[in-house]
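S.K.: predicted model follows, preceded by the sequence.
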Amino acid sequence: MYNYAGSLKAEVTPFKFLRLVAAVRLDRFRYPQDKNYISYEFAANIKPNENHNIRLIASRAYQGSFIFPTFVDFSVAPGISYV
(Lines give C-alpha, C1' and ligand atoms only; values in the text may rest on other atoms or scores of the structure.)
Protein backbone atom coordinates (compact mmCIF):
# COMPACT_ATOMS: atom_id res chain seq x y z
CA MET A 1 0.00 0.00 0.00
CA TYR A 2 1.14 3.51 -0.71
CA ASN A 3 -0.44 6.93 -0.91
CA TYR A 4 0.94 10.02 -2.62
CA ALA A 5 -0.80 13.34 -2.06
CA GLY A 6 -0.46 17.02 -2.77
CA SER A 7 -2.61 19.92 -1.69
CA LEU A 8 -3.11 23.61 -2.35
CA LYS A 9 -4.99 26.15 -0.22
CA ALA A 10 -5.82 29.80 -0.82
CA GLU A 11 -7.47 32.36 1.46
CA VAL A 12 -8.59 35.87 0.73
CA THR A 13 -10.30 38.52 2.88
CA PRO A 14 -11.82 41.08 0.50
CA PHE A 15 -13.79 42.75 3.32
CA LYS A 16 -13.35 42.85 7.09
CA PHE A 17 -16.46 40.69 7.62
CA LEU A 18 -15.84 38.16 4.79
CA ARG A 19 -13.16 35.47 4.39
CA LEU A 20 -13.08 33.10 1.40
CA VAL A 21 -11.17 29.81 1.48
CA ALA A 22 -10.52 27.39 -1.38
CA ALA A 23 -8.58 24.13 -1.05
CA VAL A 24 -7.91 21.16 -3.32
CA ARG A 25 -6.10 17.88 -2.67
CA LEU A 26 -4.99 15.19 -5.10
CA ASP A 27 -4.45 11.66 -3.74
CA ARG A 28 -3.08 8.63 -5.56
CA PHE A 29 -3.81 5.31 -3.85
CA ARG A 30 -2.32 2.03 -4.98
CA TYR A 31 -5.25 0.03 -3.64
CA PRO A 32 -8.17 -0.51 -4.33
CA GLN A 33 -7.47 1.10 -7.72
CA ASP A 34 -4.31 2.74 -8.93
CA LYS A 35 -5.87 6.08 -9.84
CA ASN A 36 -6.17 9.71 -8.74
CA TYR A 37 -8.82 11.11 -6.41
CA ILE A 38 -9.54 14.84 -6.08
CA SER A 39 -10.96 16.30 -2.87
CA TYR A 40 -11.98 19.94 -2.56
CA GLU A 41 -13.44 22.51 -0.18
CA PHE A 42 -14.82 25.97 -0.77
CA ALA A 43 -15.83 28.00 2.28
CA ALA A 44 -17.11 31.47 3.02
CA ASN A 45 -16.94 32.86 6.55
CA ILE A 46 -19.23 35.80 7.17
CA LYS A 47 -19.01 37.67 10.47
CA PRO A 48 -21.89 40.18 10.53
CA ASN A 49 -21.05 41.28 14.09
CA GLU A 50 -18.81 40.37 17.02
CA ASN A 51 -21.16 37.67 18.40
CA HIS A 52 -22.12 35.79 15.21
CA ASN A 53 -20.25 33.83 12.58
CA ILE A 54 -21.86 32.24 9.51
CA ARG A 55 -19.99 29.61 7.51
CA LEU A 56 -21.06 28.24 4.13
CA ILE A 57 -19.19 25.18 2.82
CA ALA A 58 -19.19 23.05 -0.32
CA SER A 59 -16.81 20.09 -0.18
CA ARG A 60 -16.06 16.54 -1.22
CA ALA A 61 -13.57 14.15 0.34
CA TYR A 62 -12.49 10.56 -0.19
CA GLN A 63 -11.60 8.03 2.46
CA GLY A 64 -8.04 6.79 2.24
CA SER A 65 -7.01 3.21 1.76
CA PHE A 66 -6.53 1.70 5.21
CA ILE A 67 -5.01 -1.69 5.98
CA PHE A 68 -7.90 -3.13 7.98
CA PRO A 69 -10.81 -2.75 5.50
CA THR A 70 -8.50 -3.26 2.51
CA PHE A 71 -6.93 -6.61 3.39
CA VAL A 72 -9.30 -8.16 5.97
CA ASP A 73 -12.25 -10.15 4.64
CA PHE A 74 -14.93 -11.08 7.14
CA SER A 75 -17.18 -13.95 6.17
CA VAL A 76 -20.28 -14.81 8.20
CA ALA A 77 -20.94 -17.93 6.17
CA PRO A 78 -19.49 -19.30 2.93
CA GLY A 79 -20.33 -16.89 0.14
CA ILE A 80 -21.62 -14.12 2.46
CA SER A 81 -19.16 -11.27 3.00
CA TYR A 82 -19.45 -8.96 6.00
CA VAL A 83 -17.35 -6.08 4.63
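M.R.: Done, it's in.
S.K.: from His52, how far off is Asn3?
M.R.: Distance, Asn3 to His52, using C-beta to C-beta, to the nearest Å: 39 Å. C-betas here are computed from N, CA, C, even on glycine.
S.K.: who has more neighbours, the two?
M.R.: A count of neighbours by other C-beta atoms under 10 Å puts Asn3 above the other of Asn3 and His52, at 13 against 8.
S.K.: just checking, the more buried one touches Arg30?
M.R.: Yes - between Asn3 and Arg30 there is a contact under C-beta atoms under 8 Å: 7.5 Å.
S.K.: list the residues that contact the residue minimising distance to the centre of the chain.
M.R.: Nearest to the mean C-alpha position of the chain, counting by C-alpha atoms, centre = their mean, stands Ala61 at 2.7 Å. Each residue near Ala61 by C-beta atoms under 8 Å, 6 or more residues apart in numbering is listed here: Ser39, Glu41.
S.K.: got the end-to-end distance for stretch 20-37?
M.R.: 24 Å (C-alpha to C-alpha, to the nearest Å).
S.K.: show residues contacting that stretch.
M.R.: The contact list for stretch 20-37 (C-beta under 8 Å, 6+ apart) reads 1-14, 38-45, 62, 64-65, 70.
S.K.: next one: stretch 45-54
M.R.: So stretch 45-54 is contacted by Phe17, Leu18, Arg19, Leu20, Val21, Arg55, Leu56 (C-beta under 8 Å, 6+ apart).
S.K.: can we see that at 7 Å?
M.R.: Here stretch 45-54 makes contact (C-beta atoms under 7 Å, 6 or more residues apart in numbering) with Phe17, Leu18, Arg19, Arg55.
S.K.: may I see the buried residues of it?
M.R.: By neighbour count on 16 or more other C-beta atoms under 10 Å, the buried set for stretch 45-54 is Asn45.
S.K.: alright, I will stop here.
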